[in-house]
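> sharing a sequence plus its predicted fold:
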Amino acid sequence: MLSCDAGWAYRGVMSVQEPIQGTAVAVLREDGQWRCIRMPESALLDLDTAITELRNTRSTGAAFALLNVDDEFFILLRPAPGGVSMLLSDATAALDYDIAADVLDLLRVDLPDEDDEELWPEGDLSILADLGLSDGEMTVIVEEDAYPDDQLMMIAQRCGFATQLGTALENRESV
């Protein structure tokens, strides 16, 4: 995936500001066709912004967001009745990234211990089951030893929107 400077944010207890890089893409399925739209870079910094931007796409069909944060982890967001379904690929990212901590907070999951060395996902592994990606397949993808951009492309390939995702990532102005 392409990287873009999304802005500056404090990470963890570090006293130095570092840029958050990555990509945020809204994925829409309307009339049997997939469409991928770049979301503003600010969606990588703030969970509320990401959710608001996704809801502003106003799709009549399936809609969800793919967030690749710093090539460290990914977040899937999908509007659902009464809220938003979420999947965080690496719960330990919440120790260093506010957006990951916000996901755990909304999921009502405690922050991991700083001593935790093993990575694990938190959230709804069946978030895309109705689109052809079962929770078992999602588990395999999340546990794959791969970069988040590769994991998100695996999701796109399995669901059938890999071409559209690739086009959106190449077109930096498609926000």
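Great, that's in hand.

> C-alpha from now on. contacts and neighbour counts both.
Noted.

> for the lengthiest helix in the chain, what is the average pLDDT?
Counting residues, the longest helix found in the chain (DSSP state H) is helix 148-159. Averaging pLDDT along helix 148-159 yields 97.

> next secondary structure after it?
For helix 148-159, the following helix or strand on the C-terminal side (DSSP states H and E) is helix 162-170.

> elements contacting that following helix?
On a contact count with 3 or more Cα pairs under 8 Å, 6 or more residues apart in numbering; DSSP states H and E, helix 162-170 meets strand 18-30, strand 33-38, helix 148-159.

> buried residues in that helix?
162, 164, 165, 168, 169 (16 or more other Cα atoms under 10 Å).

> and the last one, how close does it get to residue 74?
It stands for residue 169. Using Cα to Cα, to the nearest Å, we find residue 169 at a distance of 15 Å from residue 74.

> same check on the third one?
As for residue 165, its distance to residue 74 is 15 Å (criterion: Cα to Cα).

> grab the nearest non-local neighbour of residue 55.
Of all residues not flanking residue 55 in the chain, residue 79 sits nearest, at 7.2 Å (Cα to Cα, 6 or more residues apart in numbering).

> what does residue 102 give?
Nearest one to residue 102, counting by Cα to Cα, 6+ apart, is residue 47 at 6.6 Å.

> the one you found and residue 103 touch, don't they?
Yes - if you go by Cα atoms under 8 Å, residue 47 and residue 103 touch, sitting 7.3 Å apart.

> how about residue 114: what's its closest non-neighbour residue?
Computed as Cα to Cα, 6+ apart, the closest residue to residue 114 that is not its neighbour in sequence is residue 95, at 7.1 Å.

> all helices for this protein, in order.
Assigned by DSSP H, the chain shows helices spanning 47-55, 98-107, 135-143, 148-159, 162-170.

> just send these back as a markdown table, with distance to residue 32 too.
Below are the helices of the chain laid out as a markdown table (distance: least, Cα to Cα, whole Å):
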| stretch | distance to residue 32 |
| --- | --- |
| helix 47-55 | 19 |
| helix 98-107 | 30 |
| helix 135-143 | 22 |
| helix 148-159 | 12 |
| helix 162-170 | 13 |
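
> what's the closest of those helices to residue 20?
When those are compared by Cα to Cα, helix 98-107 sits nearest residue 20, at 10.7 Å.

> contacts only, for residue 93.
72, 73, 100, 101 (Cα atoms under 8 Å, 6 or more residues apart in numbering).
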